[in-house]
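>>> Sequence first, then the predicted structure, then my questions.
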Amino acid sequence: MSEAQTTLAVICKALSESIAAGAFSAEGRLPSERALSEQFSTTRITLREALSQLEAQGLIYREVRRGWFVSPPRIIYNPLQRSHFHAMAKDQGRSAQTEVIDAKHCIAGRAVCLKLLLPPDSEVICIRRLRYIDNRPVLYVEHYLNPLYFQDILDADLTASLTDLYASRYDIHYGRVRFDMVPTLLSGEASHALRVASGSPALFITRTNRDQHDRVIDCDLEYWRYDALHIDVEVS
């Protein structure tokens, strides 16, 4: 093993043990890169390589202009359960928040029209939201709704559960759902919202929902931080 590799191993081991021991601040912030470089008597280049290795393991994460933080436990997500985001977090002893970025009528792109079984260039309702677990942004999502079924929904409180809103205001309940999941790199818009560098890895989930009458009512484009989610599915 070369000297550089030995140094990397030492840094990774020491930081991993410190993380396990809860040695960092209450909010999980690591010391600055400069301080860590001095602590381990190494260059910033070597230190960043070690931090990147720990990030790849899901132990730490970086926020643009804020520094490095200890990764909290991943949220467990079972696509077969129809629990909404806030209920899912509460069931796991976590706190959830939703922030509306914007909500408006727009002309949908070809891919969205295909998902919603609409003609090309159809007008849809687009709701963009940022969702937090324990005050950390973990999910950027674009909801596209068929406006035929959701008149005046833009007047509602869109920080609340859309699942509950559909049921209470429109008597619409989810039926069949189709999921597509692929790894991806975050676009500038999504990465800015999630406070990570553009091109950071993410899990991209497209969810197309039908209601109790088997009508396609909406589709969601979800961009999850790759280190925030644990997919757990049991099929009997």
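It's in. Just so it is clear, the model here is predicted, and its values are computed rather than measured.
>>> Please enumerate the helices of the protein.
3-20, 33-39, 44-56, 85-91, 110-115, 162-170, 188-194 (DSSP state H).
>>> just for this protein, where's the confidence low?
Counting by pLDDT under 70, the chain shows low-confidence ranges at 1-2, 4, 25-26.
>>> can you rerun that using 80?
1-5, 24-27, 64, 80-83, 236 (pLDDT under 80).
>>> thinking again about what came up before, need the helices of the chain in a markdown table with mean neighbour count and distance to residue 218, can you?
All C-beta atoms are positioned from the backbone trio N, CA, C, and that covers glycine. Converted to a markdown table, the helices of the chain look like this (neighbours: other Cβ atoms under 10 Å; distance: least, Cβ to Cβ, whole Å):
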| stretch | mean neighbour count | distance to residue 218 |
| --- | --- | --- |
| helix 3-20 | 14 | 40 |
| helix 33-39 | 14 | 43 |
| helix 44-56 | 16 | 34 |
| helix 85-91 | 17 | 15 |
| helix 110-115 | 16 | 9 |
| helix 162-170 | 16 | 8 |
| helix 188-194 | 18 | 19 |
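>>> what would the ones you listed look like in a markdown table with distance to residue 230?
Formatted as a markdown table, the helices of the chain follow (distance: least, Cβ to Cβ, whole Å):
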| stretch | distance to residue 230 |
| --- | --- |
| helix 3-20 | 18 |
| helix 33-39 | 28 |
| helix 44-56 | 16 |
| helix 85-91 | 12 |
| helix 110-115 | 26 |
| helix 162-170 | 21 |
| helix 188-194 | 18 |
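>>> To residue 211, which of these lies closest?
helix 162-170 (7.9 Å; Cβ to Cβ).
>>> Could you export that closest one as CSV, CA atoms only?
Output of helix 162-170 as CSV, limited to C-alpha atoms (Å, rounded to 0.1, in the frame of the first residue of the first chain):
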residue,chain,number,x,y,z
LEU,A,162,-52.0,15.7,-1.9
THR,A,163,-53.3,12.3,-1.1
ASP,A,164,-55.5,13.7,1.7
LEU,A,165,-56.4,16.7,-0.4
TYR,A,166,-57.6,14.6,-3.3
ALA,A,167,-59.8,12.5,-1.0
SER,A,168,-61.3,15.4,1.0
ARG,A,169,-61.9,17.9,-1.8
TYR,A,170,-62.4,15.7,-4.9
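>>> Name the surrounding residues that touch it.
Helix 162-170 has contacts (Cβ atoms under 8 Å, 6 or more residues apart in numbering) with 82, 84, 127, 143, 149-150, 153, 156-158, 172-174, 211, 217-218.
>>> out of those residues, which is most surrounded?
When neighbours are taken as other Cβ atoms under 10 Å, the top entry among the contacts of helix 162-170 is residue 218 (24 neighbours).
>>> Nearest to residue 28, out of the contacts of helix 162-170: which one, please.
Closest to residue 28, out of all of these and judged by Cβ to Cβ, is residue 84, at 26.9 Å.
>>> out of the helices of the chain, nearest to residue 206?
Residue 206 lies closest, by Cβ to Cβ, to one member of the helices of the chain: helix 110-115, at 7.2 Å.
>>> Contacts for the closest one next, please.
Contacts for helix 110-115 (Cβ under 8 Å, 6+ apart): 119, 120, 121, 122, 124, 144, 206, 208, 216, 219.
>>> And the strands in this structure?
According to DSSP state E, the chain carries its strands in the segments 60-63, 67-70, 75-77, 96-107, 123-133, 136-145, 174-185, 201-211, 216-225, 229-231.
>>> can you tell me how far residue 84 sits from residue 155?
Here the criterion is Cβ to Cβ, to the nearest Å. By it, residue 84 lies 20 Å from residue 155.
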